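Colleague: one predicted model, sequence on top.
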Amino acid sequence: MKIGIKKLPHAQDLPLPHYATQGSAGLDLLAAIDADIDLKPGARMAVATGIAIELPLGVEAQVRPRSGLALNHGITCLNSPGTIDSDYRGEIKAILINHSDVVFKISHGMKIAQMVIARHEQAELVEVDTLSDSARGAGGFGSTGMTVKS
């Protein structure tokens, strides 16, 4: 699948998003910022990536956290995954939050998130009076327990 991508002026010196390995599902997104940002503990902000994309109908892009930032620094994407719809043409930004107890410095060109491209469908909702029975029923929020039963 080919996707149109536009580099914005504040990202001209940065490479396009890319897959780090042959088996990667996510494309690395980089911070396209003019000056370093100190993300304080508990703070959140939308960090520019300097790109805009044109997705085909039936395809979305998902902005997701990077596991290393989450584990090693407590930095994650607040609305994960963040959905980019096929009709959006604005700049992609990553909404980052600092869950650690120390300031995290974000610098120009730093890998801040990843973007996964995925196909999707739009469902036709049909209002009904009843739903079929299932083994789980209305059980949710931990109703299946915390351990595997043997």
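Modeller: Structure's in. What do you need? Residues are numbered from 1 along each chain as shown.
Colleague: ok, Glu121 - contacts?
Modeller: Applying CB atoms under 8 Å, 6 or more residues apart in numbering to Glu121 gives the contacts Gly58. In this view, the C-beta of every residue, glycine as well, is placed from N, C-alpha and C.
Colleague: sec struct for it, please.
Modeller: At Glu121 the chain is in coil, as set by DSSP: H, G, I helix; E, B strand; the rest coil.
Colleague: any idea how far Asp38 is from Asn98?
Modeller: From Asp38 over to Asn98 the distance is 9 Å, taken as CB to CB, to the nearest Å.
Colleague: looking at those two, which has the bigger crowd around it?
Modeller: Each of Asp38 and Asn98 has its neighbours counted (other CB atoms under 10 Å); Asn98 has more, 22 against 10.
Colleague: out of everything not next to it in sequence, what's closest to that one?
Modeller: Closest residue in space to Asn98, ignoring its immediate chain neighbours: Leu39 at 4.5 Å, by CB to CB, 6 or more residues apart in numbering.
Colleague: what is that neighbour paired to in the beta sheet?
Modeller: Phe104 (DSSP bridges).
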